[in-house]
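1. Below are the sequence and a predicted model; questions follow.
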Amino acid sequence: MAEVKTITPEALARLHSQQDVAVIDVRTPAEFREVHATIARNIPLDKIGTDHIEELTNGSTDEPVYIICQSGNRSSRACQKLIDAGCPNVVSVEGGTKAWEAQGLPVERGKKTISLERQVRIAAGFLVFTGAMLGMFVNPWFSGISAFVGAGLMFAGITDTCGMAMVLAKMPWNQVSGCEQQQCQKAA
């Protein structure tokens, strides 16, 4: 596993003012639509793969590709995916879109959405509460729902991958219409 290079939002903005750079936002289309760095275009993490290498690098793996997400976690995973797929010159933006925006760098805003992280907390909390209530009032075996979710959260913390987030990212409310998606991919 190669070490992922990073860059601060300020350094990336300075670099962009001097030359054209490829910045890819790997959040869900709905998260991207809500707020994104004006220089970024959207390719969700679950869609990043070997078929994007040519598109991202314009045929040259010498030019770096900068990857941004909400806070830096998904961009690091996307960088590792691209490195494993043969695209060695990828750089994760430290702190993601939150840090970009906090530095007062230009962002584009759209329709509000609930972040994927909040959706995971809501779904996990709902499932744990439901399992506990059903276990107390219907049948003790329903407590297994809470245990399963707890084990899943523990696994997510240990491995830094979240199955529930992957499933939620594919839900219809985290997608955008075809027209909006084309606008997301052309943004930059």
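-> In hand now; what should we look at?
2. the bottom helix or strand of this protein by mean pLDDT?
-> Least confident helix or strand, the chain: helix 178-186 with a mean of 49, by mean pLDDT, DSSP states H and E.
3. got a list of what the residue nearest the centre of the chain touches?
-> Closest to where the C-alpha atoms of the chain average out (Cα atoms, centre = their mean) is R27, at 3.3 Å. By Cβ atoms under 8 Å, 6 or more residues apart in numbering, the contact list for R27 reads 36, 42, 44-45, 69-70, 74, 97, 116. Where you see a C-beta, it was placed from the backbone N, CA and C, and this is true even at glycine.
4. Equivalent analysis for I39, please.
-> Counting by Cβ under 8 Å, 6+ apart, I39 makes contact with 16, 21, 23, 106, 188.
5. Now render these as CSV, adding secondary structure and pLDDT.
-> Converted to CSV, the contacts of I39 look like this (DSSP: H, G, I helix; E, B strand; the rest coil; pLDDT from 0 to 100):
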residue, secondary structure, pLDDT
H16, helix, 96
V21, coil, 92
V23, strand, 95
P106, coil, 97
A188, coil, 40
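6. Which one (most neighbours) among those residues?
-> Tallying neighbours with other Cβ atoms under 10 Å puts V23 at the head of these, with 23 neighbours.
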